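*Asks:* turn this into a structure:
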Amino acid sequence: MKYCADTWFFIQLTNRHPKAVDIWSEIKSGKGRLVVSTVVIAEAVKEILKNNLFRDLGDFLHAFSVSENITVIDVTKEIATDGGKYSFSQNMTTIDGIIQATAIKTDHINILSRDEHYKKAEKQGLIKRVFW
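*Replies:* I've put the predicted structure just below:
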């Protein structure tokens, strides 16, 4: 399956939630693919440091450099513009608008998130939330 990660996914992963661990294993084994916006990396690093999970930070950052199944997506002008539009029209944070734009732009529309504000896009068939 092709996924796009919201910061929520990495928080669940650091908490060793079984579903997050299963999806991470799926990605690392090549059965799934993951795109991650650079803004998600920034948010996840902040959360990991805030929770004093320094060992997890190294593992987290290392995974992006060694896995062929994880692609880090920069915030381009197009993604930023679309993200701003989603943010405005769906009353969500700018970062979540960028995550949604990244998912749609890369065709990794299965967003790993529990955030309710993705519901409008989900009802429109633009994305699908994967959460537990």
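*Asks:* quick one: the helices in the chain?
*Replies:* Secondary structure of the chain (DSSP state H): helices located at 7-14, 18-28, 38-50, 54-66, 77-89, 94-106, 119-123.
*Asks:* for stretch 6-20, the averaged confidence score.
*Replies:* Summarised as a single mean, pLDDT over stretch 6-20 is 92.
*Asks:* buried ones in it?
*Replies:* Buried residues in stretch 6-20, defined by neighbour count with 16 or more other Cβ atoms under 10 Å: Asp6, Thr7, Trp8, Phe9, Phe10, Ile11, Gln12, Leu13, Thr14, Ala20. (C-beta placed from N, C-alpha, C; glycine too.)
*Asks:* okay, and the beta partners of Ile73?
*Replies:* According to DSSP bridges, the residues that bridge with Ile73 are Ser37.
*Asks:* hmm, it is touching Ile41, no?
*Replies:* No: the pair Ile73 / Ile41 is not scored as a contact, 10.1 Å apart, by Cβ atoms under 8 Å.
*Asks:* quick one: which of these two has more around it?
*Replies:* The neighbour comparison of Ile73 against Ile41 (other Cβ atoms under 10 Å) goes to Ile73, with 21 against 17.
*Asks:* show the pLDDT at the more buried one.
*Replies:* Note on Ile73: pLDDT of 97.
*Asks:* and it, how far from Gly30?
*Replies:* Here Ile73 is placed at a distance of 19 Å from Gly30 (Cβ to Cβ, to the nearest Å).
*Asks:* contacting residues around Asp56?
*Replies:* Asp56 makes contacts with Thr14, Ile48, as judged by Cβ atoms under 8 Å, 6 or more residues apart in numbering.
*Asks:* relative to its centroid, which residue of the protein is most remote?
*Replies:* The C-alpha centroid of the chain is most remote from Asn52, which lies 21.2 Å away (Cα atoms, centre = their mean).
*Asks:* what number of residues lie near Gly32?
*Replies:* Counted with other Cβ under 10 Å, residues neighbouring Gly32 total 19.
*Asks:* all set now, cheers.
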